[in-house]
Structure formats: structure tokens, C-alpha cells
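Visitor: any chance you can model this:
(one chain, ligands or ions: 1)
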Amino acid sequence: MSKTVLTYGTFDLFHVGHLNLLERLRELGDRLIVGVSTDAFNTTKGKQTIVRFEDRLRIVQNIKCVDHAFAENSWAQKAEDIRQFKVNVFGMGNDWEGQFDELKPLCKVVYLPRTEGISSTRIKDALRVLDKAHVEELKQALGVISTIVERFE
Ligand code: C2G
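Guide: Okay, the predicted model is just below:
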């Protein structure tokens, strides 16, 4: 009897924290299916993403331990998905601890430890810092160039 594991996520700027979770969830059964949050759903979550839904879905679909990826359009679809895909285990990272316990009558619900030190938000913040530093650097270079040009005028 094959055991199906289900999870959901935004998976923006896919990173090793996402991969660790998916691989550990896959170990709990024989197949792993993943609901990827659409851009519209992320708006309702108040989440700004860098990578558009179509690309996030394609990346998750092509992760070796993922058997099927589909669109997550709402908070409310989980119970229906569990029935439709005959899910045995629903799992999330433990930043969601207790948030989906209402699904316990439908299947086993597990929350696994998050991978510390990595998140899409941290990656975005790092990129933003680079962005700012880059602008400062460009300003300084421009200053030097202007000084040189003045000498030749
Ligand atoms: N995660 C993790 N370790 C990290 C970052 C994320 O284990 N360092 C886990 C999260 O706990 C989550 C999954 O990776 O289970 C996806 O994380 P997000 O893409 O941030 O998903 P989220 O926005 O939490 O959406 O209906 C559920 C929502 O769609 C979950």
C-alpha cells in the first residue's frame, strides 16, 4: 500500500532549507506531492515573491524527491487535496507547528524542524544590501571619473 506525503509552500528563491524539508518528508512515505502557492494566493498571504509561480512550480516539480507538484490557490483546499490524493501524511516545517491540526482526523500531521540560517527573506535582504552597496560604489566611481574629466577640461 503506497504511502503519500503532502506539503505546501511558496518555495521562492528555492534553497537548501526547502530541499531539506522536502527530502525529509519524502522519507516518510513512497511519494511526495507538493502544493506550490500561486502568486495570487501569496498576495492574500501578504507575501511578495521574486520568482513567479510558473517558475517556482517548475523548479519544485523537477526536484528529484518530488513526485507531483500542483497549484495551491487557497488555505481551504488542503482537506480536499488530502481526499483527492489519498494522502497518508501531511507535513510542514515547524514554523507552522499546530497550525494545521484540524487536518488530524484526515491523515497524520507532522511538523519537522526548519533548517536554521536560511530563508527566502534572508536571501532577499542580502540581495538588497548588495544592491545598496553597489549604488554607493557606483557613486564613488562616478565621483572619481568626474574629477579626472575635470582635469582634462
Ligand atoms: N522551511 C524550512 N526551513 C527553512 C525555510 C523554510 O523547513 N529554512 C519550510 C517551511 O517550514 C515550509 C516550507 O519550507 O514548510 C516552505 O516554506 P515557504 O516557501 O516559506 O512556505 P510558506 O510561505 O510557509 O507557505 O499553506 C501553507 C503555505 O503555503 C506555506
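
Visitor: could you use CA atoms for every contact and neighbour count after this?
Guide: OK.

Visitor: quick check: N42 touching D12?
Guide: No: at 10.5 Å, N42 does not count as touching D12 under the criterion of CA atoms under 8 Å.

Visitor: who has more neighbours out of those two?
Guide: The neighbour count for N42 versus D12, taken as other CA atoms under 10 Å, is higher for D12 (25 against 19).

Visitor: where in this protein is pLDDT low?
Guide: Applying pLDDT under 70 to the chain picks out residues 129.

Visitor: coming back round to it: what residues are shared contacts of N42 and D12?
Guide: Common neighbours of N42 and D12, counting by CA atoms under 8 Å, 6 or more residues apart in numbering, are T49.

Visitor: so what's S2 up against?
Guide: 29-31.

Visitor: does it count as helix, strand or coil?
Guide: coil (DSSP: H, G, I helix; E, B strand; the rest coil).

Visitor: how close does it sit to the ligand?
Guide: 23 Å (CA to the nearest ligand atom, to the nearest Å).

Visitor: again, but for H68
Guide: 16 Å.

Visitor: tell me how many other residues crowd that residue.
Guide: 16.

Visitor: as a markdown table, the contacts of S2 with secondary structure, neighbour count and distance to the ligand would be great.
Guide: Shown next, in a markdown table, are the contacts of S2 (DSSP: H, G, I helix; E, B strand; the rest coil; neighbours: other CA atoms under 10 Å; distance: CA to the nearest ligand atom, whole Å):
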| residue | secondary structure | neighbour count | distance to the ligand |
| --- | --- | --- | --- |
| G29 | coil | 16 | 17 |
| D30 | coil | 14 | 19 |
| R31 | strand | 18 | 17 |
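
Visitor: with distance to T49 added, can I get those residues in TSV?
Guide: Shown next, in TSV, are the contacts of S2 (distance: CA to CA, whole Å):
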residue	distance to T49
G29	30
D30	31
R31	27
